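Visitor: please work out how this folds:
(chains A and B)
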Amino acid sequence: MLSKDLINKLHDFLPAEAVLHETEDLRPYECDGLSAYRQTPMIVVLPQTESQIIQVLQLCDATKTPVVARGAGTGLSGGALPHAEGILMSLAKLNRILTIDPFARTARVQPGVRNLAISDAAKPFGLYYAPDPSSQIACSIGGNVAENSGGVHCLKYGLTVHNILKLRVLTIAGEILEIGGDGLDSAGFDLLALMTGSEGMLGIVTEITVKLNPIPEKAQLVMAAFDNIEKAGNAVANVIAAGIIPAGMEMMDKITIHAVEAFLHAGYDMNAQAILLCESDGTSEEVADEITRINAIMKASGATNISTSRNEAERLSFWAGRKAAFPAAGRVSPDYYCMDGTIPRKHLAQVLSGIEALSEEYGLRCMNVFHAGDGNLHPLILYDANTPGELEKTEEFGAKILEMCIHAGGTITGEHGVGMEKINQMCTQFKSNELEIFHGVKAAFDPQGLLNPGKAVPTLHRCAELGAMHVHRGAEKFPDLPRF
Amino acid sequence: MQTVVDQLSSKIRDAAKGGQPLAIQGGDSKAFYGRRLSERVKTLHVAGYQGIVDYEPTELVITARAGTPLKEIESLLHQNGQMLAFEPPYFADTATLGGCIAAGLSGPRRASAGAARDFVLGVRMLDGIGQDLHFGGQVMKNVAGYDVSRLMVGAMGTLGVLLEVSLKVLPLPVGERTLSLEMDEARAITFMNRCAARPLPISATCYVDNQLFIRLSGAESAVQVAYTQIGGEDYIDSYSFWKSVREQTHDFFQPETSLWRLSINSTTLPLKFPFLPGKQLIEWNGALRWLACCGDDSKTAADSIRQAANMAGGHATLFRGNQSDQIFQPLGTALLSIHQRLKQKFDPAGIFNPGRLYPEL
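Guide: Next comes the predicted model:
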């Protein structure tokens, strides 16, 4: 259908200000957090109610118009990249916390609610929402469901999929589905799991019931420096072997430590080859017990320097350096390219030395930050897009890292999603008959393929071009948002 | 072992060609669960595909073939100070990993640690045309592709034959003790929910015969402090008690006409079924209510139970009873058609456990 006909039809049920179609109004929506990929949508709609969304979807269904849902637009894989001939549907106006039930420890919220706003609202009841992606001050819970977002604490507290109970979902035909329930499971197939991380390909979520956890009584952090990255990796394994599941366990390599220290002066050990941050939370007794054991393990694992946070301010200052790794990369290099592979932890040393070899081969520096507890690696390749051919070299380097992750028994994306960015690597990770199943899953919800078409799962003949998270001269979207 | 996979795959292809429905059977420990299959089915024995594929305790991941006896897996984990945190019920010694995941059932620790589905990281499976497929993986964080691995959990074998499963495992708690408090049902429901809102190391709750049982797990010091905070009697026979609840060997579960499982909002007030003689046992802070009925197994009784579960934000399952009836809470039209389309994709000839979950699947 022609754009002006669609606009007219949309005006039947949406106020004028909720339908954007002038070029200057569309521009802010042309990309998400992955700003290297841009596409102006045909139309942007900003519905405020579920019934308006239903009408938008029914119109798209009837006119075969693609529709891309967008939350806060902080995603890092181009999942909310608009479609040139489609409608971009922003869910930002559905931003109400509908109920908080402290007795049942749940919150029912609309998709545009910010992740951190849920914890803020639950705080007076001594409760919080556990998944804490680094962009949590801005990212929306609807986007978290679409990406199955994690966070620094997910080894202990789980990902989005572990922390939601129920979704209200609209199909492209405008039908309402209640998926999950107020209990801990539901009848039939586990569609709650299938919806989580489905990148807006299966339905539009209009309501989410999340679980709330009691706020831990106490949290404390151990920072340990190592003169060898393998020793740091072994220290992580030794903590786990001792039966401890840390609330958070993060590792940084030497080049990251130096970049961060120059940026923030966090007091990190500049002689270290690797720094480990290991957090314990729980009751005061549990924390005291765990911290003593973690200290002993770090020492036995050969740490050259160990500090334990003495108070909340010190704990946060230890964290600050780690959380500043991405902006620090922006300071030491005009551009960086962020990877998101996950590997079985035992292959860490091998993968890191592989990355080092590639780094020499390509003549490009690479910083490594690592969610060490769960094996999620974020290599940041430093390059300069103004040097001809360097972006291409970087992309090739990045693709080789992802292939190395697959060969080590890991995956091409731990938490950023496939979106548009890693669609080609999906061809490496999955066989064609597995991709066929994914297409079948999509068709079961969206037979005409109108929801976020072309993302997350490559068509079998596609498996071609490659893209990247490309940050030029600090011109990252939302430069103020922490990324770690 | 690959020959076993090839044989299974070829049997599946033949069955698909001939429209021969198959009953997938592992350890045959949960035959009582789900709808009865038609007389036409042929049994597909899958317990032969067994063995641990990969296990390194420091990775917190175990991968095993689906036919591996659950007890073998748990005993290996225990030797290494680890466990399957969802505390799966066996119902017979022969229970296999595949059956455990296909049934998707979880035990007493579920409310605090998570369910079977929460620990599944990846699967290898055969679909309805015998294709050998991998989904997910052996790592904790993985968002590549739809979460087909978790879709298999609780699908009762209707979508495929599980070959291998990778699970996240957790350390065994150092300290564990159970306390019991006497109180009425309404108070117990409130008490459990109030406790769950506090940072206490509670790993299981059960209310039966006017007694509330609370299991504490974690660091010895934390267990000790929580014990003094909550109060109650120290219950000595902790291990056997929770095992009897998990395995349904507790007196409460002794033969009745039918056993209903209601999975609902944990804060739901005591459920009353005045016209239905029976008794109840509560787990999961109130989110799981077992209803053992004697006498009335009429459709009216079933309808009233399902309606009560629905009103309480959940669903009811006829866990043990007449297997020719509807066992699981019926699905709405839109949801059912999505189920049917998924089934059609994974098992186009409709040969895997037809009708075990719903008559339409």
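Visitor: nearest residue to the most centrally placed residue in chain B other than its sequence neighbours?
Guide: Nearest to the mean C-alpha position of chain B, by C-alpha atoms, centre = their mean, lies B:Leu105 at 0.2 Å. Nearest residue to B:Leu105, sequence neighbours excluded (C-beta to C-beta, 6 or more residues apart in numbering or on different chains): B:Pro89, at 5.5 Å. Yep, even glycine has a C-beta here, placed from its N, CA and C like the rest.
Visitor: hang on, that neighbour in a strand?
Guide: No - per DSSP: H, G, I helix; E, B strand; the rest coil, B:Pro89 lies outside any strand segment and is coil.
Visitor: right, and it touches B:Gln248 too?
Guide: Yes - in this structure, B:Pro89 is within contact of B:Gln248 by C-beta atoms under 8 Å, at 7.3 Å.
Visitor: buried sites along stretch A:79-87?
Guide: For stretch A:79-87, burial by neighbour count (16 or more other C-beta atoms under 10 Å in any protein chain shown) applies to A:Gly79, A:Ala80, A:Leu81, A:Pro82, A:His83, A:Gly86, A:Ile87.
Visitor: does any part of it sit near chain B?
Guide: No - between stretch A:79-87 and chain B, judged by C-beta under 8 Å from any C-beta of the partner chain, nothing touches; the nearest distance is 10.3 Å.
Visitor: what about that stretch, distance to the chain center?
Guide: Using C-alpha atoms, centre = their mean, to the nearest Å, the mean C-alpha position of stretch A:79-87 is found 20 Å from that of the whole chain.
Visitor: list the contacts for the residue in chain A positioned nearest to chain B?
Guide: Sorted by distance to chain B under C-beta to the nearest C-beta, the residues of chain A start with A:Asp182, at 2.7 Å. By C-beta atoms under 8 Å, 6 or more residues apart in numbering or on different chains, A:Asp182 lies in contact with A:Ala104, A:Thr106, A:Leu165, A:Lys166, A:Thr209, B:Ile264, B:Asn265, B:Ala312, B:Gly313, B:Gly314.
Visitor: pretty sure the third one sits in a strand.
Guide: Meaning A:Leu165. Yes - assessed by three-state DSSP, A:Leu165 belongs to a strand.
Visitor: the strands in the stretch 51-200 of chain B, which residues?
Guide: Here the stretch 51-200 of chain B has its strands, by DSSP state E, counting those that start in this stretch, at B:52-56, B:61-65, B:82-83, B:120-126, B:132-136, B:161-168, B:170-171, B:175-182.
Visitor: which other helices and strands contact the first one?
Guide: When contacts are defined as 3 or more C-beta pairs under 8 Å, 6 or more residues apart in numbering or on different chains; DSSP states H and E, strand B:52-56 sits against strand B:61-65, helix B:70-79.
Visitor: same thing but at 6 Å, please
Guide: For strand B:52-56, the packing partners by 3 or more C-beta pairs under 6 Å, 6 or more residues apart in numbering or on different chains; DSSP states H and E come out as strand B:61-65.
Visitor: and the strand it packs on, what does it pack against?
Guide: Judged by 3+ C-beta pairs under 6 Å, 6+ apart, strand B:61-65 is in contact with strand B:52-56, strand B:161-168.
Visitor: list the buried residues of the shortest one.
Guide: Of the residues in strand B:52-56, those scored as buried under the neighbour-count criterion (16+ other C-beta under 10 Å) are B:Val53, B:Tyr55, B:Glu56.
Visitor: with distance to B:Ala196 as new columns, can the residues you listed be given to me in CSV?
Guide: Output for the buried residues of strand B:52-56, formatted as CSV (distance: C-beta to C-beta, whole Å):
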residue, distance to B:Ala196
B:Val53, 36
B:Tyr55, 32
B:Glu56, 33
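Visitor: name the nearest of the residues you listed relative to A:Ile257.
Guide: Distance to A:Ile257 across the buried residues of strand B:52-56 (C-beta to C-beta) is lowest for B:Glu56, with 28.3 Å.
Visitor: is the closest one bridged to anything, and to what?
Guide: Note on B:Glu56: beta-bridge partners B:Val61, judged by DSSP bridges.
Visitor: possible to save the strands of the stretch 51-200 of chain B as JSON lines with mean pLDDT?
Guide: Formatted as JSON lines, the strands of the stretch 51-200 of chain B follow (pLDDT from 0 to 100):
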{"stretch": "strand B:52-56", "mean pLDDT": "96"}
{"stretch": "strand B:61-65", "mean pLDDT": "98"}
{"stretch": "strand B:82-83", "mean pLDDT": "98"}
{"stretch": "strand B:120-126", "mean pLDDT": "98"}
{"stretch": "strand B:132-136", "mean pLDDT": "97"}
{"stretch": "strand B:161-168", "mean pLDDT": "98"}
{"stretch": "strand B:170-171", "mean pLDDT": "97"}
{"stretch": "strand B:175-182", "mean pLDDT": "96"}
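Visitor: including distance to A:Val44, could those go into JSON lines?
Guide: Formatted as JSON lines, these follow (distance: least, C-beta to C-beta, whole Å):
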{"stretch": "strand B:52-56", "distance to A:Val44": "48"}
{"stretch": "strand B:61-65", "distance to A:Val44": "43"}
{"stretch": "strand B:82-83", "distance to A:Val44": "50"}
{"stretch": "strand B:120-126", "distance to A:Val44": "38"}
{"stretch": "strand B:132-136", "distance to A:Val44": "35"}
{"stretch": "strand B:161-168", "distance to A:Val44": "40"}
{"stretch": "strand B:170-171", "distance to A:Val44": "45"}
{"stretch": "strand B:175-182", "distance to A:Val44": "55"}
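Visitor: to A:Pro28, which of those strands lies closest?
Guide: With C-beta to C-beta as the measure, strand B:132-136 is the member of those nearest A:Pro28 (36.1 Å).
Visitor: low-confidence ranges in chain A?
Guide: In the predicted model of chain A, residues A:1, A:463-484 satisfy pLDDT under 70.
Visitor: got the domain ranges for it?
Guide: Per the record, chain A has its domains at A:3-90, A:99-214, A:218-323, A:327-472, by automatic domain parsing.
Visitor: quick check: residues of the stretch 201-350 of chain B near chain A?
Guide: Residues of the stretch 201-350 of chain B lying close to chain A (C-beta under 6 Å from any C-beta of the partner chain) are B:218-219, B:221-222, B:225, B:263-267, B:287, B:313-315, B:328-329, B:331, B:334-335, B:338-339, B:341-342, B:345.
Visitor: filter those residues down to the buried ones, PyMOL style.
Guide: In PyMOL syntax, the buried subset of these is picked out as below (16+ other C-beta under 10 Å):
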select buried, chain B and resi 218+219+221+222+225+263+264+265+266+267+287+313+314+315+328+329+331+335+338+339+341+342+345
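Visitor: so which of the residues of the stretch 201-350 of chain B next to chain A belong to helices?
Guide: If you go by DSSP state H, those have B:Ser221, B:Ala222, B:Val225, B:Ala334, B:Leu335, B:Ile338, B:His339, B:Arg341, B:Leu342, B:Lys345 in helices.
Visitor: kind regards, and thank you for your time.
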